[in-house]
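Peer 1: need coordinates for the below:
(one chain, ligands or ions: 2)
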Amino acid sequence: MPRDPRYDPLFEPLDIGPVTAPNRFYQVPHCTGMGYQRPQMLAAMRGVKAEGGWGVVCTEYCSIHASSDESPYASASLRDEDDVQNLRLVSDAIHIQGALAGVELWYGGHTSANLYSREISLDVASLPNQSTLGGPAQSQAMSLADIDAFREYYRAAARRALAADFDIIYVYGNHYYLLHNFLNPCFNQREDGYGGVAENRVRLLREVIEDVKEIVAGRSAVAVRYSIPPDFDDDPQGLIECFGHIAELPDLWDITVNDYHLEMGSSRFVREAACQAAVARLKALTSKPVVSVGRFTSPDTMLSQITAGAQDLIGAARPSIADPFLPRKIDEGRLEDIRECIGCNVCYAHNSLAVPIRCTQNPTMGEEWRRGWHPERIAARHADQSVLVVGAGPAGLEAACALGQRGYRVMLAEAEKEPGGRINRESRLPGLAEYARVRDWRLGQLRRMTNVETYPDNRLDADSIAELGCQHVILATGASWRSDGVGRWSNRPFAGCDQAEVISVERILRGELPRGRVVIYDDDHYYLGSALALLASANDCEVTLVTPGESLAGWSHFTDEHHPTMRALIDAGVEWLTAKGLVGFETGSVRLECVYSARPSQLAADQLVPISARKTDDALWLALDRRRDELAAHGLLSLQRIGDCRAPGMIAAAVYAGHKAARELGCEQVEFKRDRVVV
Ligand code: ADP
Ligand code: SF4
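Peer 2: Numbers count the residues shown, from 1 in each chain. Ligands and ions are numbered 1, 2, ... in the order given. Below you'll find the model as predicted:
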């Protein structure tokens, strides 16, 4: 289908200084957990984005010197000739698709713990390291000689960026890295020409922009990342005044806000286009093009940003991860095929864990090079054969979609009236509505596949599966929450776990509401505990969230949701206790134990909701596995289980399992290629 002409403004080219972006889709710098350690994975992933229609595709932050090192997090780097070679792989992969390649030159300052390089961090002052990994280290206040040396780091990196063939070269002026810290009068108490009034505080940023412009001499554009407070009427750092001094200097402004929880907030707490007022405030002060992010997934929202003049380019990190082909799909009039980001921040979490990013919606993310997976293309079926997928949760839905795309004859059976599995239940919880996109996108795809039949309200047993006589059977029957407290902290059921006032998670997920004084015991450590606490509190319960962990919802530190989660719990009046294990329940009282000292304590409660581990729903698997020989005699060629019924995990893992099973059906299974330095 041709593109709807309404969206033409999104496809107009735009001059960015000396270069021209072919359209308005701009993949801003975003971390990947690949960095300098995985150059081939990185190049293939960025190349796929360019192929998918992003007119500009940028690298993640590239360290320009050994004293800017965030190991074990995997930044890219542009410090020597080897880095030039590696990053040229990236720019080539982008150029071959006709897009512009951007590179983000980064110097961390006191945020860099330099755990690998063991260099001293340099910053505007001696500031405590901001990384939780950094320990009690502080940066060294830069002397004027250090400032000169730092400017030379940037110049040298800009020369390398040119050598690596980048079209847009970034100066990084936000996110509490060095150049931002010079702007901040709380940090910058210098008495030399770099401290004091705004004109002095912005001097180093101005000098670096001028240095980079001089080096590139019109061969590349120079972009600057900059931010102001979301509530910019209150601007204690004077960032708007600083901006005024350099507003016309770069070729492009990449604008955001000084609040990472907002800039890259999860969908639980932040909606699309959340930074727009701040972006507009700065855009009004410059004639240069402006790009900004806002987790834009709706083509109409994107269009309105451009036509209203709110920004010139649609910046995206997560939307481009969830759907690298988003621009192409708008261009080809295939809006219903756009796989919208659900805002779970699982991508970011894995960068925080120092491993390559992955995506809940896009199982091919990060696998472009090492497994050769493409987000839109998949090998045709190996033979004209039939596949039965049992269970239509995220694993089964994804398997059926990808198998359908391969051309197999697929039957998807689901016990419940509505396909979706855990998504149906969890997306009804406070803040999790966008998780439904995992189900809805796949159901939309399946509806248009004539070779896939979906059978809801059909609970299959081993006999009925044998009768169906499919050649391949994939079980995706899921898992259920235990209600006996067995989990990470305890491998024994707690005393009184069979009392009527112990309410299982499954009952709440299926619509029962807790009441009275409720204790929610969270040994899962992710979003469910806080989501149930917010649900109960909205139902007028008096809620206490208890965890054996050191902090509530500990894993959500990685998704950057911990802070807003705590704020939401506090606003809702939820009380909490950390480092307490659950040992028993009797009417009116929960018995706890300190995880450090084993000291007992009690908490008054009318109801207890224990969240610990899940039990695989694998009865069907066990029954079929026992009958393999008999089924084989009737034509069964393969039987496997995937997703939560094999090993319970996060939704992203189930989607990945479904996709992998579909990719590998009828193919020789090979280990993925390892991207690493070989001497
Ligand atoms: P996953 O995350 O692995 O996809 P879910 O728990 O979300 O797992 O989904 C599993 C789905 O399988 C549920 O919707 C459940 O109703 C369905 N299911 C479980 N057993 C059967 C069965 N015997 N026949 C058909 N569907 C089943
Ligand atoms: Fe969006 Fe989640 Fe994918 Fe990240 S992992 S791009 S937040 S769907």
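Peer 1: mind checking how far the closest residue to Gly444 other than its chain neighbours is from Ile423?
Peer 2: Closest residue to Gly444 apart from its sequence neighbours, by Cβ to Cβ, 6 or more residues apart in numbering: Glu336 at 5.8 Å. No exception for glycine: its C-beta is placed from N, CA and C like everyone else's. Distance, Glu336 to Ile423, using Cβ to Cβ, to the nearest Å: 19 Å.
Peer 1: more neighbours: those two, which one.
Peer 2: The residue with more neighbours, out of Glu336 and Ile423, is Ile423; 25 against 11, by other Cβ atoms under 10 Å.
Peer 1: where's the more buried one, which helix or strand?
Peer 2: helix 422-426 (DSSP states H and E).
Peer 1: can you name every helix or strand that the following helix or strand past that helix contacts?
Peer 2: Using DSSP H and E, the helix or strand that directly follows helix 422-426 along the chain is helix 436-447. If you count contacts as 3 or more Cβ pairs under 8 Å, 6 or more residues apart in numbering; DSSP states H and E, helix 436-447 packs onto helix 394-406, helix 422-426.
Peer 1: check whether the longest one comes near ligand 2.
Peer 2: If I follow you right, that is helix 394-406. No: counting by Cβ under 6 Å from any ligand atom, ligand 2 has no neighbours in helix 394-406; the shortest distance is 11.8 Å.
Peer 1: residues in contact with the residue of the stretch 551-679 of the chain found nearest ligand 1?
Peer 2: Ligand 1 sits closest to Gly643 of the stretch 551-679 of the chain, with a gap of 2.5 Å, by Cβ to the nearest ligand atom. Shown in contact with Gly643 (Cβ atoms under 8 Å, 6 or more residues apart in numbering): Gly391, Gly393, Pro394, Ala395, Gly396, Ala476, Gly478, Ala653, Ala654, Ala657, Gly658.
Peer 1: nearest residue to the first one in space, please, no chain neighbours.
Peer 2: Same thing as Gly391. Nearest to Gly391 is Ala476, by Cβ to Cβ, 6+ apart, at 3.8 Å.
Peer 1: tell me if I'm right that that neighbour and Arg641 touch.
Peer 2: Yes: between Ala476 and Arg641 there is a contact under Cβ atoms under 8 Å: 7.4 Å.
Peer 1: which one of those two is surrounded by more residues?
Peer 2: Neighbours were tallied for Ala476 and for Arg641 using other Cβ under 10 Å; the higher tally belongs to Ala476 (31 against 26).
Peer 1: what's near enough to touch the more buried one?
Peer 2: Contact analysis of Ala476 by Cβ under 8 Å, 6+ apart lists 389-393, 395-396, 399, 421, 641-645, 654, 657-658.
Peer 1: now do the helix holding Ile423: everything it contacts.
Peer 2: Against helix 422-426 from outside (Cβ under 8 Å, 6+ apart): 393-394, 416, 418, 432, 435-436, 438-439, 478, 509-510, 528, 531, 644, 651.
Peer 1: who wins for most neighbours among the residues you listed?
Peer 2: Highest neighbour count within the contacts of helix 422-426: Pro394, with 32 neighbours (other Cβ under 10 Å).
Peer 1: ok, now which ones touch it?
Peer 2: Counting by Cβ under 8 Å, 6+ apart, Pro394 has contacts Gly421, Arg422, Ile423, Val438, Arg439, Arg442, Gly643, Ile651, Ala654, Val655, Gly658.
Peer 1: what about 6 Å?
Peer 2: Going by Cβ atoms under 6 Å, 6 or more residues apart in numbering, Pro394 touches Val438, Ile651, Ala654, Val655.
Peer 1: name the SS class of Phe232, please.
Peer 2: Three-state call for Phe232 (DSSP: H, G, I helix; E, B strand; the rest coil): coil.
Peer 1: I'd say it and Arg281 touch.
Peer 2: Yes: counting by Cβ atoms under 6 Å, Arg281 is a contact partner of Phe232 at 5.1 Å.
Peer 1: of all the contacts of helix 422-426, which comes closest to Glu467?
Peer 2: Distance to Glu467 across those (Cβ to Cβ) is lowest for Glu416, with 21.4 Å.
Peer 1: roughly how far does that closest one sit from Asn362?
Peer 2: As judged by Cβ to Cβ, Glu416 and Asn362 stand 26 Å apart.
Peer 1: flag every residue of the stretch 351-500 of the chain that's near ligand 1.
Peer 2: 390-396, 413-416, 421-422, 459-460, 476-479.
Peer 1: ChimeraX command for the buried members of those residues?
Peer 2: A single ChimeraX command selects the buried members of these (16 or more other Cβ atoms under 10 Å):
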select :390,391,392,393,394,395,396,413,414,415,416,421,422,460,476,477,478,479
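Peer 1: closest one to Arg377 out of the contacts of Pro394, please.
Peer 2: Val655 (17.9 Å).
Peer 1: state the helix or strand in which the closest one lies.
Peer 2: Using DSSP H and E, Val655 falls in helix 651-664.
Peer 1: run the contact check for that helix versus ligand 1.
Peer 2: Yes: under the criterion of Cβ under 6 Å from any ligand atom, ligand 1 is reached by helix 651-664 at Ala654.
Peer 1: now the helices and strands packed on helix 436-447 as JSON lines including mean pLDDT?
Peer 2: Output for those, formatted as JSON lines (pLDDT from 0 to 100):
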{"stretch": "helix 394-406", "mean pLDDT": "98"}
{"stretch": "helix 422-426", "mean pLDDT": "98"}
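Peer 1: winner for burial among the ones you listed?
Peer 2: helix 394-406 (a mean of 28; mean count of other Cβ atoms under 10 Å).
Peer 1: now the helix or strand following that one: mean pLDDT?
Peer 2: Later in the chain than helix 394-406, the nearest helix or strand by DSSP H and E is strand 409-413. The pLDDT scores in strand 409-413 average 98.
Peer 1: same check on stretch 577-597?
Peer 2: Stretch 577-597 comes out at a mean pLDDT of 97.
Peer 1: gap between the two ends of it?
Peer 2: Stretch 577-597 stretches 15 Å from its first residue to its last (Cα to Cα, to the nearest Å).
Peer 1: same question for it: list its buried residues.
Peer 2: Those would be 577, 579-585, 589-593, 595, for stretch 577-597 by 16+ other Cβ under 10 Å.
Peer 1: excluding chain neighbours, what is closest to Met365?
Peer 2: Nearest to Met365 is Cys359, by Cβ to Cβ, 6+ apart, at 4.0 Å.
Peer 1: I'd say that neighbour and Asn345 touch.
Peer 2: No: at 10.3 Å, Cys359 does not count as touching Asn345 under the criterion of Cβ under 6 Å.
Peer 1: so what touches the lowest-mean-pLDDT helix or strand in the chain?
Peer 2: Between all helices and strands in the chain, the lowest mean by mean pLDDT, DSSP states H and E belongs to helix 260-263, at a mean of 89. Helix 260-263 is contacted from outside by Pro230, Thr256, Val257, Val270, Ala274, His563, Pro564, using Cβ under 6 Å, 6+ apart.
Peer 1: from those residues, which is closest to ligand 2?
Peer 2: Val270 (11.2 Å).
Peer 1: stretch 411-428 spans what distance, first to last residue?
Peer 2: 27 Å.
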